[in-house]
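J.: Fold the following.
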Amino acid sequence: MSRILVTDLDGTLLGGTHGDRIRLRDALARHPEVTPVFATGRGPASIREVLRDPLVPRPRWIIADVGATVIDGTDFTPVDPVQEQLRAGWPGPDRVRAALRRFPALAYQHGVVQNGRCSYHLAPDALTDDLTAAVDALGCTWVYSADRYFDVLPPMASKGNALQALAAKLGWQPEHILVAGDSLNDLSMFRLGTHAVVVSEAEPALLTALAEDPLVHRADRAGAGGIHTALRRLGWLSPDPDPGPARAPHRPAGPDLPAGPHSLVVAYHRPPHHWNGDSWQPPRSPNGILPTLSSAFADGLPGVWVTALTGRDRLAPLPQPTALPLSPVPLDTATWGGYFHRACKETLWPVLMSEPDRAVHDERAWADYRTVNARFAEHISTQAAPGATVWLHDYNLWLVPGLLRRRRPDLRIGLFHHTPFPAPEVFAALPVSDELRHSLGCLDWAGFHTEDFAEHFRRTLAGLSVQPHTAVHPLGIDRPSVEELARLRAPHRRPATGRLVLSVERLDYAKAPIQKVDAIDHLLALRPELRGRLTFRLVCPPPEPGITAYDTTRHLLERRIADVNAAWRQGDWQPVDYLPRSLSAAEVIDEYLAADVLWVTSLQDGMNLTAKEFTAAQTTLPHPNSGPGVLVLSRHTGAATELGPAALLTDPRSLDDLSTVLARALDLGPAERRARMDRLSRLLGHERPADWATRIVHGIRTCTPCPTAPTA
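T.: Next up, the predicted model:
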């Protein structure tokens, strides 16, 4: 369930010791389910400067100008109609300043960019009834804080009103909100009945105003330290890891980024590691495309990796991460938001998942998609030697082949699709389908996890004068790493207290999380003996901040979980255990080892590596009595093509099938469980992901090249 941290900046989030700020930043990075919201007297321009600080977490929403401005933290666009409501009745800065000129003690803050408000400096003894009456006569309200700042605001504007309106729009409940502040202009937020913390060294007048409020925690640490303490008191943070002494941010110059020409250029929209302000952080899982490409380069794959760097990262002189040969394409936050959060996730993703009715096409976002693809194509061109091999990854770069073919006809261009590729009639639902077909037809080579996806691709491009060579190369996992970690964790395996059904997946309607909760409800109605004994644990971390395409799914999922748990709860037991956060690799292995069933129910999935990780982890256990866990796998996953003969296949679009197949998995005896897991282990194989990458590069280099750009 999402948690909302609403925090003032100066004196609060930006306050406290350097070590406390690092600690809070790292804690929020480990808990993406805690959503930061800024509530500040600063204006948007000033907030942009604050975000250059690597210790400041990225806000999802921003309440600025003491509550007169509400903007989206990803692209700084106004949140309407919320902002319009808050500014209703504002007479404008000219009228306000003219009416208040007769008060010489007011010193207008000329150096502060102001929107929907007028800000002054004012000594405490000059705050008179005559002055406040003049503000009232304008139909405005006012806030005085820190014995210095006098803000004239629209009649409905305050941090509290802005937060209340934003919470109503987004469906936040008071019990899921923590407010943090230190001055009187935060007071209106503390009146909303949410969790609240006043940090140490706060304005005395705020402490006096809240003296009798039992909901407000008074922290004994200043700034970020007080926020961290309050989050821990609420149980919203897990215990900190032991990283040793806190370190100041350090950005060594490092070697220069690699320059062309290169015989191999790999391009993916994500970098292999994440820069956290101090160091590069590797992916949590040892499996997937980022670890696979990293291991391939570590194994000696020659070339360079072209990737996007966004936001503050693009401006920083970052060192090379673990000697990986990165060559970045810098992108500003607004362009990235339109490209990835909108065009990729709202226009293309629903079609890839065969859910075209969910697709939303926005021309401005599509312009950002074109811009990013053009920048990638231009950058790849500068990095590639004559006749070089270019290996692109996924739908995020679908326009690069066409752009690159015109610029560099000498290159061999391949693209591997990690996602499903939809049927031609679904692909045709895209308003930009012709543009994409033309570009994809410029490929020399296209790779897929399954033959079905490859066939969809060939049929989609039917009619072009030239078609790319297609190949099927299902991606595997780093099995030795999973098995080694499982052996280390096995002695600490939790004792069984019932039947555990597990799903580990990011929040996405394509994973069918709501359908699974409905199926649990249905199964408990049919099988009374499972009540009090069956637990469905859904590990479901939220997407990165800025992606709103899944907001409806999250709201419906959390509501459905609450309904089902309320309907079947018995004492301390409830059927659905929802974990809306990322787990470390070790924690995921612990869940695999404890599970009686891994339940994978994707509506569509290019592969699904959790099914393979579960198999590798389970094969390390002896299972003397009950037998190993059972894999229940959607027949619409790429993994079903490989593992289907030994898994129990299910149809996530059928409530009856979901509950019936899950019941069968729970009822399997130890002998059949062992037989199925033994067969899954054989089907899984032992091929290294790095070998997979090498084989694909060889396939691109040796295929028959595309002679010219095709015409539609």
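J.: ranges for the helices of the stretch 101-250 of the chain?
T.: Per DSSP state H, counting those that start in this stretch, the stretch 101-250 of the chain has helices spanning 129-137, 159-170, 204-209, 223-233. These are given in chain order.
J.: Buried deepest among those helices, which one?
T.: Mean neighbour counts were compared across the helices of the stretch 101-250 of the chain using mean count of other C-beta atoms under 10 Å; the top stretch is helix 223-233, at a mean of 23. For glycine as for every other residue, the C-beta is placed from the backbone atoms N, C-alpha and C.
J.: Can you name every helix or strand that that helix contacts?
T.: Under the contact definition 3 or more C-beta pairs under 8 Å, 6 or more residues apart in numbering; DSSP states H and E, helix 223-233 sits against strand 3-7, helix 18-30, strand 177-181, strand 195-200, strand 216-222.
J.: Run through who's touching that helix.
T.: Under the criterion C-beta atoms under 8 Å, 6 or more residues apart in numbering, residues 5, 7, 11-17, 20-21, 23-25, 27, 34, 178, 180, 182, 195, 197-201, 217, 219-221, 237 lie in contact with helix 223-233.
J.: Okay, the residue lying closest to H217 once chain neighbours are set aside and P174: tell me how far apart.
T.: If the residues on either side of it in the chain are set aside, H217 comes closest to V197, at 4.5 Å by C-beta to C-beta, 6 or more residues apart in numbering. Between V197 and P174 the distance is 15 Å, computed by C-beta to C-beta, to the nearest Å.
J.: Name the residue closest to the centre of this structure, please.
T.: With distances taken as C-alpha atoms, centre = their mean, the chain has E544 as the residue nearest its mean C-alpha position (1.8 Å).
J.: got the contact list for it?
T.: Remark: with contacts taken as C-beta under 8 Å, 6+ apart, E544 is in contact with P32.
J.: 10 Å instead?
T.: Counting by C-beta atoms under 10 Å, 6 or more residues apart in numbering, E544 touches P32, R58, R60, T74, F340, H341, K345, R506.
J.: now the residues you listed as CSV including neighbour count?
T.: Compiled in CSV, those are given as follows (neighbours: other C-beta atoms under 10 Å):
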residue, neighbour count
P32, 17
R58, 17
R60, 20
T74, 25
F340, 24
H341, 22
K345, 21
R506, 15
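J.: Redo the residues you listed as CSV? Include secondary structure and distance to N287.
T.: As requested, the contacts of E544 are arranged in CSV below (DSSP: H, G, I helix; E, B strand; the rest coil; distance: C-beta to C-beta, whole Å):
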residue, secondary structure, distance to N287
P32, coil, 20
R58, coil, 27
R60, coil, 28
T74, coil, 29
F340, helix, 22
H341, helix, 25
K345, helix, 22
R506, coil, 14
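J.: re earlier: got a pLDDT number for the residue nearest to the centre of the chain?
T.: With respect to pLDDT, E544 has a value of 82.
J.: Secondary structure element holding it?
T.: For E544, there is no helix or strand it lies in under DSSP states H and E.
J.: picking up where we left off before, neighbour count winner among V197 and P174?
T.: For V197 versus P174, neighbours defined as other C-beta atoms under 10 Å are more numerous around V197 (28 against 14).
J.: and that one, what are its bridge partners?
T.: Each beta-bridge partner of V197 is listed here: A180, H217, as defined by DSSP bridges.
J.: Confirm for me that it is in contact with L234.
T.: Yes - the pair V197 and L234 passes the contact test of C-beta atoms under 10 Å, sitting 9.3 Å apart.
J.: hey, what's in contact with both of these two?
T.: Overlap between the neighbourhoods of V197 and L234 consists of L5, L178, H217, taking contacts as C-beta under 10 Å, 6+ apart.
J.: Output the below-cut-off pLDDT ranges for the stretch 1-150 of the chain.
T.: Counting by pLDDT under 70, the stretch 1-150 of the chain contains low-confidence ranges at 1.
J.: The residue lying closest to G498 once chain neighbours are set aside: how many residues sit nearby?
T.: Take G498 and drop its neighbours on the chain: the residue closest to it by C-beta to C-beta, 6+ apart is R533, 4.4 Å away. For R533, the number of neighbouring residues by other C-beta under 10 Å comes to 14.
J.: Go ahead and confirm R533 touches V501.
T.: No - under the criterion of C-beta under 10 Å, R533 is not in contact with V501, lying 11.2 Å apart.
J.: Find residues that contact each of these two.
T.: When contacts are counted by C-beta under 10 Å, 6+ apart, the set common to R533 and V501 consists of P575, L666.
J.: right, so of the helices of the stretch 101-250 of the chain, which gets closest to R406?
T.: Using C-beta to C-beta as the criterion, the shortest distance between R406 and the helices of the stretch 101-250 of the chain is 44.0 Å, found for helix 159-170.
J.: now the closest one against strand 177-181, angle please.
T.: Using axes from the mean of the first three to the mean of the last three C-alpha atoms, to 10 degrees, the inter-axis angle of helix 159-170 relative to strand 177-181 is 160 degrees.
J.: quick one: average pLDDT of helix 159-170?
T.: Computed over helix 159-170, the average pLDDT equals 94.
J.: which other helices and strands contact that helix?
T.: Contact partners of helix 159-170 among helices and strands, from 3 or more C-beta pairs under 10 Å, 6 or more residues apart in numbering; DSSP states H and E: strand 3-7, strand 34-39, strand 61-64, strand 69-72, helix 82-86, strand 177-181.
J.: Now tabulate the ones you listed in a markdown table and tack on mean neighbour count and distance to M677.
T.: Compiled in a markdown table, the helices and strands packed on helix 159-170 are given as follows (neighbours: other C-beta atoms under 10 Å; distance: least, C-beta to C-beta, whole Å):
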| stretch | mean neighbour count | distance to M677 |
| --- | --- | --- |
| strand 3-7 | 26 | 38 |
| strand 34-39 | 25 | 37 |
| strand 61-64 | 27 | 46 |
| strand 69-72 | 23 | 47 |
| helix 82-86 | 20 | 53 |
| strand 177-181 | 27 | 44 |
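J.: Poorly predicted segments of the stretch 551-700 of the chain, please.
T.: Residues of the stretch 551-700 of the chain meeting the criterion pLDDT under 70: 623-625.
J.: mind running it again at 50?
T.: Low-confidence regions of the stretch 551-700 of the chain, defined here as pLDDT under 50, do not occur.
J.: How are the helices of it distributed by residue range?
T.: The residue ranges that make up the helices of the stretch 551-700 of the chain, judged by DSSP H, counting those that start in this stretch, are 551-568, 585-594, 609-618, 638-643, 655-667, 670-684, 689-702.
J.: right, so those helices: which one is the most enclosed?
T.: Between the helices of the stretch 551-700 of the chain, the one whose residues have the most neighbours on average, counting mean count of other C-beta under 10 Å, is helix 609-618 (a mean of 26).
J.: sorry, back to before: which one, of the helices and strands packed on helix 159-170, ends up nearest to A423?
T.: The minimum distance between A423 and the helices and strands packed on helix 159-170 falls on strand 69-72, with 34.6 Å, by C-beta to C-beta.
J.: Same question for stretch 430-444: list its buried residues.
T.: Residues of stretch 430-444 classed as buried by neighbour count (16 or more other C-beta atoms under 10 Å): L430, V432, E435, L436, R437, H438, S439, L440, G441, C442, L443, D444.
J.: Okay, the fourth one and I696: tell me how far apart.
T.: According to C-beta to C-beta, L436 and I696 sit 22 Å apart.
J.: helices or strands up against the longest helix belonging to the chain?
T.: In the chain, ranked by residue count with DSSP state H as the criterion, the top helix is helix 363-383. Using 3+ C-beta pairs under 10 Å, 6+ apart as the contact test, the elements touching helix 363-383 are strand 262-267, strand 304-310, strand 326-331, helix 333-336, strand 384-393, helix 400-407, helix 433-440.
J.: now the angle from that helix to strand 384-393?
T.: The directions of helix 363-383 and strand 384-393 differ by 140 degrees, with the same axes, to 10 degrees as the criterion.
J.: Show me which positions of helix 363-383 end up buried.
T.: Taking 16+ other C-beta under 10 Å as the basis for neighbour counts, the residues of helix 363-383 that come out buried are 365-366, 368-370, 372-373, 375-377, 379-381, 383.
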